[in-house]
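Chemist: Fold the following and give me the result.
(one chain, ligands or ions: 2)
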Amino acid sequence: MTDRAARKHRDFLAIHDFTRAELDALLALSNRMRTGRYTKRPLAGKSLAMIFFKNSTRTRVSFEVGAAQLGATPLFLSPRDIQLGRGEPIADTARVLSRMVDGIMLRTHAHAQVVELAQHADVPVINGLTDLQHPCQILGDLLTINQHLGSYKGKKVAWIGDGNNMANSWLDAAALLGFELALACPDGYEPDAACLARAQKSAKVTLTRDPKEAIEGAHAVNTDVWASMGHEDEQAVRERSFKGFTVDSAMMARAKKNAIFLHCLPAHRGEEVTAEVIDGAQSVVWDEAENRLHVQKAVMAVLMGGEKLVAPAKKK
Ligand code: CP
Ligand code: NVA
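Modeler: Ligands and ions are numbered 1, 2, ... in the order given. Sure thing, here's the model as predicted:
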């Protein structure tokens, strides 16, 4: 057995697995990937196991294509096919995969499962979304903000809708990076209390029931589906609870004039956002989706390929 205390690798389960300086360096590396200035293949001869207990388009394709571009072989493992789906323990799966692959990405329901996988794996584990967190998406969103607004620094991000995995990871990002975050969530759909408390200690973070208040003067407006994966049977109840939370043109008019609109996708036009907004001039959702590829590559290059996180040069 490997001495677990002597493990040299690191995992990415939540935003705060990086320091602020590391996150800035990771975004700079992602930007080099985005602009074609990174051509190395640090994962040559390696492989990435990807386990999906939930559906995925962007996460699967960005990891699969990204791993291949860096030289690795990605393996898509459906729980329908692997023994994990028939009850083989997560710990045993972690031990076995660690003997054969160089990294494991997991998308699942309970956050405790990705934590357990990481505890027993001897290779880096990456959180591809849990009910609690979606840190890879927030990396993509931060890269998109940097791309379109220059920097997340000094910006106000508005979160309109469910206090879900995305909202929690936004809270973690605000806590680490210190930008302003204003959330508007309906009664009973608040974000995780621990994430909220942590963020409110170190950043200007507000939670209201009024979307108009949260969006006022925002530089970036972000929403998500009202019923996340696993909550589909609550759709009708949620449609009633989220009345008034649709991001439409009138709502966007309260944000900064040049505010950008973000959505992790998939989107439900006519529910959390109107077609006019998501398909309109302020929407950057396609860049945001593409940026998943660049940030995923940066995460894999660092965690699995020995790429160093170098602080971006200060602008003169
Ligand atoms: N945004 C996102 O994670 O998309 P997928 O569910 O398609 O991976
Ligand atoms: N909150 C959504 C995000 C999908 C990428 C979900 O968990 O279904």
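Chemist: going forward, measure contacts and count neighbours with C-alpha atoms only.
Modeler: OK.
Chemist: Name the nearest residue to residue 244, sequence neighbours excluded.
Modeler: In this structure, residue 244 finds its nearest non-sequential neighbour in residue 211, 7.9 Å apart by C-alpha to C-alpha, 6 or more residues apart in numbering.
Chemist: Next to ligand 2, which bits of the stretch 201-316 of the chain? Give me the list.
Modeler: 228-229, 264-265 (C-alpha under 6 Å from any ligand atom).
Chemist: okay, now the residue nearest to residue 244: neighbour count?
Modeler: Applying other C-alpha atoms under 10 Å, we find 23 residues neighbouring residue 211.
Chemist: which SS class is the residue nearest the centre of the chain?
Modeler: When the chain is reduced to its mean C-alpha position, the nearest residue by C-alpha atoms, centre = their mean turns out to be residue 137, at 2.2 Å. Assigned state for residue 137: helix (three-state reduction, DSSP: H, G, I helix; E, B strand; the rest coil).
Chemist: correct me, but it touches residue 292?
Modeler: Yes: using C-alpha atoms under 8 Å as the test, residue 137 is close enough to residue 292 to be in contact (6.7 Å).
Chemist: Give me the distance from the helix or strand containing residue 169 to the chain's centre.
Modeler: In this structure, residue 169 is located in helix 165-177 according to DSSP states H and E. With C-alpha atoms, centre = their mean, to the nearest Å as the basis, the distance from the averaged C-alpha position of helix 165-177 to the chain average is 9 Å.
Chemist: Mind jotting down where the strands sit in the stretch 101-250 of the chain?
Modeler: Assigned by DSSP state E, counting those that start in this stretch, the stretch 101-250 of the chain shows strands spanning 103-107, 125-127, 156-160, 180-184, 205-208, 220-223.
Chemist: Identify the residues contacting the residue nearest to residue 244.
Modeler: 160, 183-185, 244-245 (C-alpha atoms under 8 Å, 6 or more residues apart in numbering).
Chemist: Also residue 214?
Modeler: Neighbouring residues of residue 214 by C-alpha under 8 Å, 6+ apart: 158-160, 182-184, 206-208.
Chemist: Disregarding residues adjacent in the polypeptide, which is nearest to it?
Modeler: By the measure of C-alpha to C-alpha, 6+ apart, the closest residue to residue 214 outside its immediate chain neighbours is residue 182, 5.1 Å from it.
Chemist: count of neighbours near the one you found?
Modeler: Using other C-alpha under 10 Å as the criterion, residue 182 is surrounded by 23 other residues.
Chemist: Is it correct that it is in contact with residue 216?
Modeler: No: in this structure, residue 182 is not within contact of residue 216 by C-alpha under 8 Å, at 9.2 Å.
Chemist: Tell me the buried residues within the contacts of residue 214.
Modeler: Listed as buried from those are 158-160, 182-184, 207-208; burial here means 16 or more other C-alpha atoms under 10 Å.
Chemist: Serialize these to a markdown table and add fields for pLDDT.
Modeler: Conversion of the buried ones among the contacts of residue 214 to a markdown table gives the following (pLDDT from 0 to 100):
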| residue | pLDDT |
| --- | --- |
| 158 | 99 |
| 159 | 99 |
| 160 | 98 |
| 182 | 98 |
| 183 | 98 |
| 184 | 98 |
| 207 | 98 |
| 208 | 98 |
